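> Please work out how this folds:
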Amino acid sequence: MITKPEKIFKKFLDERNFNYIFQPRNFPYRPDFLMNDKGLILNINGCFWHNHGCVNSKIPEKNTNYWLSVFEKNKARDYENTRKLKILGYKIINIWECVLRDDKSKKRLFNNLEKILQTV
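A predicted model of the protein is given here:
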């Protein structure tokens, strides 16, 4: 299943004819986008589930301790997955959902990424 933020990012990559694999299976976890020719992993992080700290990542008022535990586990898992990929020699770029929701931020992100991806 592809999320809305992943669709937005996929469209960005497709429009610029960048080569990538969506959710490759042969990794310690399934990253969102692999650009193997560049040694690069691009992850699209949901602000709520990865507890970004922005307005979209509010901690629910009910069962707060449960949710704090979930977020801590998610952050620990993210850290460990990033560590494993770096050991394998990959560079990782994490992109937050809130950036893809805001047109000005998204434009700035895409301009910067295009420059980065053309030089890597």
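> can you list the residues that contact the longest helix seen in the chain?
Across the chain, the longest stretch assigned as helix under DSSP state H is helix 64-87. Contact with helix 64-87 is made by 27-29, 31, 41, 45, 49-51, 59-60, 92, as judged by Cβ atoms under 8 Å, 6 or more residues apart in numbering. Bear in mind the C-beta positions are built from the backbone N, C-alpha and C, glycine included.
> surely Ile92 meets Asn45?
No. Contact criterion Cβ atoms under 8 Å: Ile92 and Asn45 do not qualify, at 11.0 Å.
> which of the two has more neighbours?
Asn45 (19 against 15; other Cβ atoms under 10 Å).
> which residues touch the more buried one?
Asn45 is in contact with 52, 78, 94-97, counting by Cβ under 8 Å, 6+ apart.
> Residues in a beta bridge with it, which ones?
Applying DSSP bridges to Asn45 gives these bridge partners: Trp96.
> any idea how far it is from Gly53?
12 Å (Cβ to Cβ, to the nearest Å).
> Including pLDDT, could the contacts of Asn45 go into a markdown table?
Below are the contacts of Asn45 laid out as a markdown table (pLDDT from 0 to 100):
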| residue | pLDDT |
| --- | --- |
| His52 | 92 |
| Asp78 | 93 |
| Asn94 | 95 |
| Ile95 | 96 |
| Trp96 | 96 |
| Glu97 | 95 |
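> PyMOL command for the buried members of the residues you listed?
In PyMOL, a selection of the buried entries from these looks like this (16 or more other Cβ atoms under 10 Å):
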select buried, resi 52+78+95+96+97
